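Chemist: Output the structure for:
(one chain, ligands or ions: 1)
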Amino acid sequence: MDSMIIPDLEILPEQLWVSNLYHDWADKTETHLARLYGAHRAFAVSTGMSCLDIILRMVKPGETVLAGDDLYGGTNRLLTYLSSHVGVDVRHVDTTRVEELEPHLGPGNK
Ligand SMILES: Cc1ncc(COP(=O)(O)O)c(C=O)c1O
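Modeler: Residues are numbered from 1 along each chain as shown. The predicted structure follows:
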């Protein structure tokens, strides 16, 4: 790993050790997850919302997201924000009923 110089920041040696240990763990976890799923890369993040944020940043204005109709509040607020501020077409459907989902499936829909 490259070293990083942060001016005016006092870091105790034991904090650096914990930080390096975490990065080593995250690197290994990501490498193994990518292998397990046959993916090019995997990312390990520490919260559910940061994971959703990363995934939803791949959606561009005008694209469509199919989401469930009974979502966690934070997920719902993030999708509502994307819909009203970014121009993402967010459609809520009952994902337990395939017949409700099928009409919304289309090329590029996520
Ligand atoms: C379904 C679901 N998505 C996302 C989250 C958010 O996870 P976090 O609090 O780790 O950001 C939660 C949290 O309870 C959840 O239940």
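Chemist: quick one, what contacts the nearest residue to residue 53 once chain neighbours are set aside?
Modeler: Nearest non-adjacent residue to residue 53, counting by CB to CB, 6 or more residues apart in numbering: residue 78, 6.9 Å away. The way it works is simple: take the backbone N, C-alpha and C, and place the C-beta from them, glycine included. Counting by CB atoms under 8 Å, 6 or more residues apart in numbering, residue 78 touches 49, 52-53, 56.
Chemist: For residue 78, give me phi and psi.
Modeler: Dihedral pair for residue 78: phi -60, psi -40, per degrees, to the nearest 10.
Chemist: Distance of it relative to the ligand?
Modeler: 9 Å (CB to the nearest ligand atom, to the nearest Å).
Chemist: do residue 95 as well
Modeler: Going from residue 95 to the ligand by CB to the nearest ligand atom gives 13 Å.
Chemist: what does residue 80 give?
Modeler: Residue 80 sits at a distance of 15 Å from the ligand (criterion: CB to the nearest ligand atom).
Chemist: Could I have the CA atoms of stretch 89-99 written out in PDB?
Modeler: Output of stretch 89-99 as PDB, limited to C-alpha atoms (Å, rounded to 0.1, in the frame of the first residue of the first chain):
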ATOM      1  CA  ASP A  89     -37.300   7.200 -12.900                       C
ATOM      2  CA  VAL A  90     -38.000   5.200  -9.700                       C
ATOM      3  CA  ARG A  91     -40.800   2.700  -9.800                       C
ATOM      4  CA  HIS A  92     -42.100   0.900  -6.800                       C
ATOM      5  CA  VAL A  93     -43.500  -2.500  -7.400                       C
ATOM      6  CA  ASP A  94     -44.500  -5.500  -5.300                       C
ATOM      7  CA  THR A  95     -41.300  -7.600  -6.000                       C
ATOM      8  CA  THR A  96     -42.900 -10.700  -4.500                       C
ATOM      9  CA  ARG A  97     -45.300 -10.800  -7.500                       C
ATOM     10  CA  VAL A  98     -43.400 -11.500 -10.800                       C
ATOM     11  CA  GLU A  99     -46.400 -10.500 -12.900                       C
END
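Chemist: quick one: the helices in the chain?
Modeler: Applying DSSP state H to the chain gives helices spanning 13-37, 48-56, 73-81, 98-101.
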